[in-house]
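A.B. asks: Structure for the following, please:
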Amino acid sequence: MSAIRFGEFELNEQTFELRKNGTPTRIQQQPARVLAFLINHRGALVTREQIRLAIWGEDTFVDFEQGLNFCIRQIRLALNDQAEKPSYVETLPRLGYRFVGKLEKRGDGETTPDEKRLRIAVVPVEDLSGKEGDYFAAGLTEDMISALSRIDPARLRVTAVPKLESGDGMAAHLDRLQRELNLDYLMRGSVRRSGESLRISAQLHDLRDRSVLWSKTYDRKAGDLLAVQEEVTQHVSESLAVELFPSATVGARRYSKSSAAYDAYLKGRFFWHKMTAEAIRRSTDYFNEALALDAGFAPAYAGLADCYAQMGSIRVGLMKPLEALAQAHSHLQRALDLDETLAEAHCTLGLIKSWYDWDWDGAGQEFQAALALDPSQITALIWQSLLLSVNGQHQESIASMQRAREIEPLSASVNLYLGVAQNHAGQHDLALRQLQQSIELDSSYYRSYMFLGKALSSAERYGEAATAFEKALALTPDSVESQAFLGAAMAAKGDSQSALAILKKVKSAGSRTEPAVLIASIYAAMELPKEMYEWLERGVMQKSTPIYIAVLNHEFDRYRGEARFHRFLESIRLSHLARG
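C.D. replies: Below you'll find the model as predicted:
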């Protein structure tokens, strides 16, 4: 017998019989099959499309929507479960369902997957075509991590690791990775493009006995890339199924049918991650190129929404926030109209809800939706962490970044934002060590120095903070954020003349963006509350983004008990954070 036990219930996967405390409970076979499918993907979002293909099949002629709704109602009736407060089956609106009950045992003493979790590391796909193609390998690696993360998040953890050492040092490198990250499997591969020809090689290694579970080379045309990616992922799933995943499925992402459009999209994402003004401009151009080739390519619309959301922020500062918001909303709505199951789109919607709409609960729901669709969504984990910090949920914020670090332990930006979460929680010593680690991982990333400066300012080490901000500006001179934080540090250390000179520069950025909240931070550090409140009020009116830095930044601390600051919090829907 293959029985799954959860709560008071036991489901036989072969006969689809359901028992409650040993007594048979009436449930029809089709709802029972849906229940078994959900249970075997416990903790993961299962889309309605996945259920249709698994239970009804490709060529069904029945009214699937009505049939699935009936099955879910019957499951809830049999389990005495409520949609509003589910104990077993959770509905994610517009997306699908997730089994949230705790499994106990399977069969006669056989352990459940809950008791056994494997960890697979993905090595960056090596591009053998030359530097020009680096974006292609980076995009393929990211998509592979995303696909593997959707196999079964409750039982398989996916971790990104750096490129392996070559030659004699590889064995020692593998030993170190296995020991430090507790790895079971390792996925590696390479890609070579020559004109329209494409060769992808992939291997899956079992690190416990150093065996190669499988190795395969695919020779295809460039237009076959996405089919090859799905085929490789399916091989991984099948190899792991022997040990752990007999009913695992790999949800295919919906991509463009145009390989040229997909290629342009990968370039767009490659530059978007650099997050500088020039890189965002290039990213926008590539996403537009992708849409010119395929006007129905949802990820490219989501990419444009990402770009405009950043352009209107103080981080990139290329547009006025209200203009950027209109563009971001338009492209994002188009992405969701084309594909409601696109994790990137839900992640960006969460950002817009927190940065521009101040819909804090809605933002949290969208980040959760993005992570349900793609558990490896690092960007969603980072932005969720910042949202949690704003709401004073500091341990949850740190936990979000620790989850991101499990996926990408050697990412400079992930380690950076873990330090940011620790700093917001008041753990200044831990934060400083973490931010130094981020700099060691990538000394060319300006934001590591910028946030190191903010952590030093929080610890009232303003001279050292100023030095860190100056290093950030040396790497990215057009960062209005770094300029403003340097100005606040100079004001805090008593150098009003330098602070005023920097203030003038920050105000000049108002010709292209809205730095009101940054200007308010300098006035706060100069202990000029009248000017500070005037610029905060302007920031609220003009959507200076993200306005919540007035909640997180150290220089505003002395004003938090004032009635006028409480009114500011009320204006951005954070009145619950007001201090007496």
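A.B. asks: how about the strands in the chain?
C.D. replies: For the chain, applying DSSP state E gives strands covering 3-6, 9-12, 18-20, 23-25, 46-47, 89-92, 96-99, 103-106, 118-122, 126-127, 156-160, 185-194, 197-206, 211-221.
A.B. asks: Sketch out the low-pLDDT regions of the protein for me.
C.D. replies: 1-2, 57-62, 105-116, 130-133, 154, 165-169, 222-230, 233-257, 580 (pLDDT under 70).
A.B. asks: Kindly present the strands of the chain as JSON lines, with separate columns for mean neighbour count and distance to A260.
C.D. replies: The way it works is simple: take the backbone N, C-alpha and C, and place the C-beta from them, glycine included. Below are these laid out as JSON lines (neighbours: other C-beta atoms under 10 Å; distance: least, C-beta to C-beta, whole Å):
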{"stretch": "strand 3-6", "mean neighbour count": "18", "distance to A260": "46"}
{"stretch": "strand 9-12", "mean neighbour count": "19", "distance to A260": "48"}
{"stretch": "strand 18-20", "mean neighbour count": "16", "distance to A260": "51"}
{"stretch": "strand 23-25", "mean neighbour count": "11", "distance to A260": "54"}
{"stretch": "strand 46-47", "mean neighbour count": "22", "distance to A260": "28"}
{"stretch": "strand 89-92", "mean neighbour count": "18", "distance to A260": "34"}
{"stretch": "strand 96-99", "mean neighbour count": "22", "distance to A260": "31"}
{"stretch": "strand 103-106", "mean neighbour count": "18", "distance to A260": "46"}
{"stretch": "strand 118-122", "mean neighbour count": "21", "distance to A260": "26"}
{"stretch": "strand 126-127", "mean neighbour count": "18", "distance to A260": "18"}
{"stretch": "strand 156-160", "mean neighbour count": "23", "distance to A260": "27"}
{"stretch": "strand 185-194", "mean neighbour count": "20", "distance to A260": "13"}
{"stretch": "strand 197-206", "mean neighbour count": "19", "distance to A260": "13"}
{"stretch": "strand 211-221", "mean neighbour count": "13", "distance to A260": "12"}
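A.B. asks: Can I get those strands in JSON lines including distance to Y445?
C.D. replies: Output for these, formatted as JSON lines (distance: least, C-beta to C-beta, whole Å):
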{"stretch": "strand 3-6", "distance to Y445": "45"}
{"stretch": "strand 9-12", "distance to Y445": "50"}
{"stretch": "strand 18-20", "distance to Y445": "54"}
{"stretch": "strand 23-25", "distance to Y445": "56"}
{"stretch": "strand 46-47", "distance to Y445": "36"}
{"stretch": "strand 89-92", "distance to Y445": "34"}
{"stretch": "strand 96-99", "distance to Y445": "35"}
{"stretch": "strand 103-106", "distance to Y445": "42"}
{"stretch": "strand 118-122", "distance to Y445": "22"}
{"stretch": "strand 126-127", "distance to Y445": "21"}
{"stretch": "strand 156-160", "distance to Y445": "17"}
{"stretch": "strand 185-194", "distance to Y445": "25"}
{"stretch": "strand 197-206", "distance to Y445": "30"}
{"stretch": "strand 211-221", "distance to Y445": "34"}
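A.B. asks: Relative to A472, which of the ones you listed is closest?
C.D. replies: strand 156-160 (25.4 Å; C-beta to C-beta).
A.B. asks: partners of that closest one in the sheet?
C.D. replies: strand 118-122 (parallel) (DSSP bridges).
A.B. asks: For Q327, give its distance to L140.
C.D. replies: Going from Q327 to L140 by C-beta to C-beta, to the nearest Å gives 29 Å.
A.B. asks: Compare neighbour counts for those two and give me the winner.
C.D. replies: L140 (21 against 18; other C-beta atoms under 10 Å).
A.B. asks: Apart from its chain neighbours, what residue comes closest to that one?
C.D. replies: V125 (4.9 Å; C-beta to C-beta, 6 or more residues apart in numbering).
A.B. asks: Now do the contacts for that neighbour.
C.D. replies: Residues in contact with V125 (C-beta atoms under 8 Å, 6 or more residues apart in numbering) are 137-138, 140-141, 144, 188-191.
A.B. asks: so G463 makes contact with K493?
C.D. replies: Yes: using C-beta atoms under 8 Å, G463 is in contact with K493, at 6.2 Å.
A.B. asks: more neighbours, the two?
C.D. replies: K493 (18 against 11).
A.B. asks: Who are the contact partners of the spatially closest residue to the more buried one that is not a sequence neighbour?
C.D. replies: Distance criterion C-beta to C-beta, 6+ apart; nearest residue to K493, sequence neighbours excluded, is Y462 at 3.8 Å. Counting by C-beta under 8 Å, 6+ apart, Y462 touches 456, 489-490, 492-493.
A.B. asks: Between all of these, which two are separated the most?
C.D. replies: Distance extremes for those: the farthest pair is L456 and M490 at 13.1 Å, using C-beta to C-beta.
A.B. asks: follow-up on the earlier one: can you say which of the strands of the chain is nearest to I502?
C.D. replies: Nearest of the strands of the chain (C-beta to C-beta): strand 156-160, 37.8 Å.
A.B. asks: For R73, grab the count of nearby residues.
C.D. replies: 12.
A.B. asks: nope, Y559 is what I meant
C.D. replies: Y559, neighbours per other C-beta under 10 Å, totals 19.
A.B. asks: State the distance from it to H566.
C.D. replies: 10 Å.
A.B. asks: Residues in contact with both of those two, list them for me.
C.D. replies: Counting by C-beta under 8 Å, 6+ apart, nothing touches both Y559 and H566.
A.B. asks: Now for L569: which residues touch it?
C.D. replies: Contacts of L569 (C-beta under 8 Å, 6+ apart): 551, 575, 577-578.
A.B. asks: Can I get those residues in TSV including neighbour count and distance to V506?
C.D. replies: What follows is the contacts of L569, written out as TSV (neighbours: other C-beta atoms under 10 Å; distance: C-beta to C-beta, whole Å):
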residue	neighbour count	distance to V506
V551	20	20
S575	12	28
L577	16	26
A578	16	28
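A.B. asks: Of all pairs in those residues, which one is the farthest apart?
C.D. replies: Most distant of the contacts of L569, by C-beta to C-beta, are V551 and S575, 11.7 Å apart.
A.B. asks: Go ahead and confirm Q178 touches L207.
C.D. replies: Yes: in this structure, Q178 is within contact of L207 by C-beta under 8 Å, at 4.9 Å.
A.B. asks: now the helices for the stretch 251-400 of the chain?
C.D. replies: For the stretch 251-400 of the chain, the helices defined by DSSP state H, counting those that start in this stretch cover 259-272, 277-293, 298-311, 321-338, 343-352, 360-373, 378-390, 394-407.
A.B. asks: How about the stretch 1-150 of the chain?
C.D. replies: 29-39, 48-51, 64-79, 134-149.
A.B. asks: CSV for the ones you listed, including distance to L266?
C.D. replies: Converted to CSV, these look like this (distance: least, C-beta to C-beta, whole Å):
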stretch, distance to L266
helix 29-39, 33
helix 48-51, 24
helix 64-79, 33
helix 134-149, 3
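A.B. asks: Can you give me the neighbour number for G487?
C.D. replies: 29.
A.B. asks: quick one: the closest residue to it other than its chain neighbours and S457, what's the gap?
C.D. replies: Among residues not flanking G487 along the chain, I502 sits closest, at 3.4 Å (C-beta to C-beta, 6+ apart). Distance of I502 to S457, given as C-beta to C-beta: 14 Å.
A.B. asks: Repeat that for R33.
C.D. replies: From R33 to S457 the distance is 58 Å (C-beta to C-beta).
A.B. asks: before we move on, what about M275?
C.D. replies: 22 Å.
A.B. asks: what about the two, which has more around it?
C.D. replies: S457 (26 against 17).
A.B. asks: Wait, that one touches A484, no?
C.D. replies: No: using C-beta under 8 Å, S457 makes no contact with A484, being 11.7 Å away.
A.B. asks: if we can go back for a sec, I'd like the helices of the stretch 251-400 of the chain laid out as TSV, including distance to K543.
C.D. replies: What follows is these, written out as TSV (distance: least, C-beta to C-beta, whole Å):
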stretch	distance to K543
helix 259-272	22
helix 277-293	18
helix 298-311	11
helix 321-338	4
helix 343-352	11
helix 360-373	15
helix 378-390	16
helix 394-407	24
